[in-house]
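1. following is a predicted model, sequence given first.
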Amino acid sequence: MATPSNARLVVLVSGSGTNLQALLDACGDPEYGARVVAVGADRDGIEALARADRAGLPTFVRKLSQFSSREQWDRALADSVAAFDPDLVVLAGFMKLVGPDFLARLEGRVVNTHPALSPSFPGTTGPADALAYGVKVTGATLFVVDSGVDTGPVVAQCVVTVEDDDDVDTLHERIKVAERRMLVDAVGRMAREGFTITDRKVRFG
Ligand code: GAR
């Protein structure tokens, strides 16, 4: 990725948007090197969109149910994102897989944060799966999105201890505290330094 002085971020969300909020807060510092230019979602009525509204940002919603096929939805989502000319697209709690058209348009510029230590526990239930497996540590992974489910090259990871009395909510909340720090740190470095991918190895600079 090139290193524009102020990288343009489009953030896609589906839920409460605490990761989005962490990015918005970080972008308040001119030294951070990035700014959120738009927020998109696959559903409406979510707190993440309210956060974007409060920040005065343009938002768009592309629901799968509004389209006659997943391919059409994917193209429309790609069009909406591309219209904001992003340097980086951040999937921050976006609970849909993006498809081939989206990736063809934006590949190499899309990162996703996942609440587990890849390659363990891919999919939408990472914290529950880690708890059920009985692992002693889990965490979060930021990766460059490819055509698989949470399989792309790893940008950053953070580790969280699983406590004996954790349930899915307490574990996921603890993961999210570490995840937000990791996301802000890694996206800032991607924006300021750029990055390369060689044999799956992501390097800043
Ligand atoms: C985050 O933990 C993120 O990793 C997860 O949803 C949460 C969103 O929290 N994403 C996935 O599980 C995607 N497979 P937030 O809405 O408060 O940022």
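-> Nice, thanks for sending it over. Numbering: from 1, shown residues only.
2. could I get the full set of helices for this structure?
-> Counting by DSSP state H, the chain has helices at residues 18-27, 47-54, 70-82, 100-106, 126-133, 168-193.
3. and those, which is most packed in?
-> Among the helices of the chain, ranked by average contacts under mean count of other C-beta atoms under 10 Å, first place goes to helix 18-27 (a mean of 21). Backbone N, C-alpha and C define where each C-beta goes, glycine included.
4. what does that one rub up against?
-> Applying C-beta atoms under 8 Å, 6 or more residues apart in numbering, the external contacts of helix 18-27 come out as 9, 11, 13, 32, 34-36, 39, 48, 51-52, 55, 90, 92-93, 113, 176, 179-181, 183-184, 187-188.
5. now render the helices of the chain as CSV, adding distance to the ligand and mean pLDDT.
-> Converted to CSV, these look like this (distance: least, C-beta to the nearest ligand atom, whole Å; pLDDT from 0 to 100):
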stretch, distance to the ligand, mean pLDDT
helix 18-27, 3, 98
helix 47-54, 6, 98
helix 70-82, 16, 98
helix 100-106, 15, 96
helix 126-133, 6, 98
helix 168-193, 5, 98
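6. of all the ones you listed, which lies closest to residue 149?
-> For residue 149, the closest of the helices of the chain is helix 126-133, at 11.2 Å, according to C-beta to C-beta.
7. run the angle between that closest one and helix 168-193 for me.
-> Orientation of helix 126-133 against helix 168-193 (axes from the mean of the first three to the mean of the last three C-alpha atoms, to 10 degrees) gives an angle of 130 degrees.
8. how far away from the center of its chain is helix 126-133?
-> Relative to its parent chain, helix 126-133 has a centroid offset of 20 Å by C-alpha atoms, centre = their mean, to the nearest Å.
9. tell me which residues are up against it.
-> The contact list for helix 126-133, computed with C-beta under 8 Å, 6+ apart, reads 114-116, 120-121, 123, 138, 162, 166-168, 171-172, 175.
10. among the residues you listed, which one lies nearest to the ligand?
-> Each of the contacts of helix 126-133 was checked against the ligand using C-beta to the nearest ligand atom; the closest is residue 115, at 3.8 Å.
11. run through the residues that contact the nearest residue to residue 95 once chain neighbours are set aside.
-> Spatial nearest neighbour of residue 95, excluding adjacent residues (C-beta to C-beta, 6 or more residues apart in numbering): residue 14 at 4.1 Å. Contacts for residue 14 (C-beta under 8 Å, 6+ apart) come out as 41, 42, 43, 46, 48, 93, 94, 95, 96.
12. isn't the last one up against residue 42?
-> Yes - with contacts counted by C-beta atoms under 8 Å, residue 96 reaches residue 42, the gap being 5.0 Å.
13. okay, and the common contacts of the two?
-> By the contact definition C-beta under 8 Å, 6+ apart, residue 96 and residue 42 are jointly contacted by 14, 64.
14. and the residue of the protein nearest the ligand?
-> The nearest approach of the chain to the ligand comes at residue 93, 2.6 Å away (C-beta to the nearest ligand atom).
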